[in-house]
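*Asks:* Task: produce atomic coordinates for the following.
(chains A and B)
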Amino acid sequence: MSNVAIGLKGVTKSFGDKLVVNDMSFAVASGECFGLLGPNGAGKSTIARMLLGMTRPDSGNITVLGVSVPERSRLARKSIGVVPQSDNLDLEFTVRENLLVFGRYFGMSTREIQGVIPSLLEFARLESKSDARVGQLSGGMKRRLTLARALINDPQLLIMDEPTTGLDPHARHQIWERLRFLLASGKTIILTTHFMEEAERLCDRICLLEHGSKIAEGSPPALIEEYIGCNVIEIFGGNPHELISLIKPCVQRVEVSGETLFCYTPAPEQVRVQLRGRAGLRFLERPPSLEDVFLRLTGREMEK
Amino acid sequence: MGEGFAAALPANAWNWIAVWRRNYLAWTKVALASLLGMLADPMIYLFGLGTGLGLLVGRVEGASYIAFLAAGMVATGAMTASTFETIYAVFGRMRDHGTWEAMLHSQLTIGDIVLGELAWAATKAFLAGTAITVVAATLGYAGWASVPYVLPVVALTGFAFASLAMVVIALAPSYHYFIFYQTLVITPMLFLSGAVFPVNQLPGTFQHLAALSPLANSIDLIRPVMLGHLANNVGLHIGALCVYAVLPFFFSAALFRRRLMR
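*Replies:* Presented below is the predicted three-dimensional model:
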C-alpha cells in the first residue's frame, strides 16, 4: 500500500461553459485528514464526485488508493466509505436493515454483515435504536448512522461531503469526536466543508478553494501564520470607511466586510487608543482564524 | 470511452441481487396491500368487462368472452405492474430518494442497479400475473395445466415492459412526462394487442402494427394455452419479448450513465 491515498494532477472540469474545477492538484497521504474548504459553488462536491468516478474530469489525472479514477473507480470504491451531503438512508427501513442492505451492495453475505453490525451500532451510539425506523431518528442520529453505514466495508478512505452541515452544535461535536476516533484508528479522511471551525479542528491540512481554483494549501496553523500572523480586532458600529483613515497608521492591514472592519495588528491597544472617545463602536479582539485567511485571499467573507 | 461502458454494464452476474433484495425487503413491509391491489385490479376488469360485455358479445374465438378476456388480462396485468413499478417507484429511487446515489457509492455499477430494478419489476409483474392466472383457473376460465407454461411468459413480459419503461424514466425530467407514455403507448397497446378484443377486428395496417407490440407477442403465447390450444410461433414470440427486454436495458443503462455521471 503506497502512502499516497489520493492524488490529483491538473484536474479540470467544466459544465457547459462554466468552469467548476480549474487545474486542481493536491495529494493526500494515508492516515491524513484533508479538508476541501470553500464557499458554496467552489467546486468541493464536484471534486468529491470525481474521486468516486461519478464525474469525469475534462483533463488531468486522478489516483485513489493506488488505482486510476474514473477508469477503475469501481475497484477503488470497494475500499472507500462515502458520507454524502444529504442523508440517503432508506427511511422505511430500521437502523439495522439500513446497514444490512448497504452491506449487501458491497457483496457481503448476511452473516458477515450481522457480524459487524454490533460494532457499527456501538460506533454510532445507536445500540438502543437498532430496530427503530430511520424516519423516527433525529438529524444527528441519522448522520451518525450514515457515518456507520460508510464503514460497513471497512474502508481505508472516507470521503465526506459536508459531514456536519445542517446539524445543531451538539450533534456536530459528536460527529467531530467520532471522526477523530476514526483518524486515530488509521483511516484516511477527505472532507468538504464550508465551516472554518470544522476544518481547523479536524484537518491536518486543507486546500482553500474559490471558483474551482486552489487559492492556498497547508496546515491550518501554518496558513494562519503565513497569511495573518497577528491578532485581529473586529470593529463594528461605525462607518468602516471613515474609521480606516484613523487607524491605518497603526495596523498591518485592514479589510472591510459588510459593516465590519477587520484590523490585523500586532499592537491592538494602539487601535483602541486611536478610536477612543468615538461613541457606539464595539470591539472584538481574537486570535486569527482560517476565516481571516479566506478574507485576506478573496477580499470577502465566506458565505454560510 | 471504454470505462464509461463499464459503468453502464453489470459488473458481474450477481451484483444485481443486492438491489433486488433491497426492493424485496421494502415490499415485505407493504406486501398485503400490494397483493390485494394486484388481485383486485384485474378482477374488477374481468368481472366488469367480462360479465357485462360478455352478455353482448357472446363467444369469441370459440371461448366465452370472459375466458378470452382473462388471458388478455394476465398479460396486461404483467404489463401494468412492471410499467408502474418502473415509472413511479424506480424513478423515485433514482431521482428523489437518493437510493441509487447510495448504491453508486458502493461497488455497484449503473448496470448492476438497472438489472436489479428490472428483475424486481419483473418479479412484481410475475406476482400480478400469477394472481390473475390463479383466479382464472380457480373460476374455470383456464386449465390448471396451463399455469406452469403461462408464468414464465408472464415474467418475461414483465421484464420487457420494465426495460421499455426504464428508457422512459432515463429520459424523463419529472413525473409529469409519464402521462405521455401511459396515454400514447401503454393504453393504445392495450386496445391494439388483442387484450380485450381479437386483433382481426382491426383494419389491416393496425393488425401488422399490433403484431409487433410486446403485449401482442405475450398474449399470443398465453391465450391459446389458457384456452386449451397450442400456441403458434412460440420461438418467434419469445424472441421478440427477449429483444424488448434486452435492447432497452442496455440503452437505458447508457442513458442513465449520461444522466447521473456528468
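*Asks:* count of residues packed around A:E127?
*Replies:* Using other Cβ atoms under 10 Å in any protein chain shown, the number of residues around A:E127 comes to 11. The way it works is simple: take the backbone N, C-alpha and C, and place the C-beta from them, glycine included.
*Asks:* For it, which non-adjacent residue is spatially closest?
*Replies:* A:L121 (4.9 Å; Cβ to Cβ, 6 or more residues apart in numbering or on different chains).
*Asks:* From A:S45, how far out is the residue of chain B found nearest chain A?
*Replies:* Proximity to chain A, evaluated over chain B using Cβ to the nearest Cβ, is greatest for B:G98 at 2.7 Å. Distance, B:G98 to A:S45, using Cβ to Cβ, to the nearest Å: 14 Å.
*Asks:* Likewise for A:D161?
*Replies:* Taking Cβ to Cβ, one finds A:D161 at 5 Å from A:S45.
*Asks:* quick revisit: list the buried residues in the host helix or strand of the residue nearest to A:E127.
*Replies:* Using DSSP states H and E, A:L121 maps to helix A:110-123. By neighbour count on 16 or more other Cβ atoms under 10 Å in any protein chain shown, the buried set for helix A:110-123 is A:I113, A:V116, A:I117, A:L120, A:L121, A:F123.
*Asks:* What is the subsequent helix or strand relative to that helix?
*Replies:* Next along from helix A:110-123, by DSSP H and E: helix A:139-150.
*Asks:* can you give me the mean pLDDT across the very next helix or strand once past that next one?
*Replies:* From helix A:139-150 onward toward the C-terminus, using DSSP H and E, the following helix or strand is strand A:157-161. Averaging pLDDT along strand A:157-161 yields 96.
*Asks:* Can you tell me the strand partners of strand A:157-161 and which way each runs?
*Replies:* According to DSSP bridges, strand A:157-161 has the following sheet partners: strand A:80-83 (parallel), strand A:188-193 (parallel).
*Asks:* In JSON lines: those, plus distance to B:A67.
*Replies:* Formatted as JSON lines, the strands paired with strand A:157-161 follow (distance: least, Cβ to Cβ, whole Å):
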{"stretch": "strand A:80-83", "distance to B:A67": "55"}
{"stretch": "strand A:188-193", "distance to B:A67": "63"}
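*Asks:* mind putting those strands in TSV, mean neighbour count and mean pLDDT included?
*Replies:* Formatted as TSV, these follow (neighbours: other Cβ atoms under 10 Å in any protein chain shown; pLDDT from 0 to 100):
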stretch	mean neighbour count	mean pLDDT
strand A:80-83	25	97
strand A:188-193	25	96
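*Asks:* So for A:N61, what pLDDT did the model give?
*Replies:* For A:N61, pLDDT reads 96.
*Asks:* one step back: compare neighbour counts for A:D161 and A:S45 and give me the winner.
*Replies:* Shown here are A:D161 and A:S45; by other Cβ under 10 Å, A:D161 has more neighbours (21 against 18).
*Asks:* ok, now which ones touch the closest residue to that one other than its chain neighbours?
*Replies:* Nearest non-adjacent residue to A:D161, counting by Cβ to Cβ, 6+ apart: A:Q85, 4.2 Å away. By Cβ atoms under 8 Å, 6 or more residues apart in numbering or on different chains, the residues touching A:Q85 are A:S45, A:D161, A:E162, A:T165.
*Asks:* what pLDDT does the residue nearest to A:R178 when sequence neighbours are not counted get?
*Replies:* In space, and not counting its chain neighbours, A:R178 is closest to A:L147: 6.2 Å by Cβ to Cβ, 6+ apart. Looking at A:L147, its pLDDT is 95.
*Asks:* And for A:L147, the neighbour number?
*Replies:* 21.
*Asks:* give me every residue that touches the residue nearest to A:E127.
*Replies:* A:V95, A:R96, A:L99, A:E127, A:K129, A:S130, A:A148.
*Asks:* Now the buried members of the residues you listed.
*Replies:* A:V95, A:R96, A:L99, A:K129, A:S130, A:A148.
*Asks:* Now do the helix holding A:L121, average pLDDT.
*Replies:* 96.
*Asks:* Then stretch B:206-215?
*Replies:* Mean predicted confidence for stretch B:206-215 is 90.
*Asks:* which residues touch that stretch?
*Replies:* B:75-76, B:79, B:157, B:160-161, B:164, B:189-190, B:192-195, B:199-200, B:202, B:216-217, B:240-241, B:244.
*Asks:* So for that stretch, what gets flagged as buried?
*Replies:* Here stretch B:206-215 shows B:Q207, B:L209, B:A210, B:A211, B:S213, B:P214, B:L215 as buried, counting by 16+ other Cβ under 10 Å.
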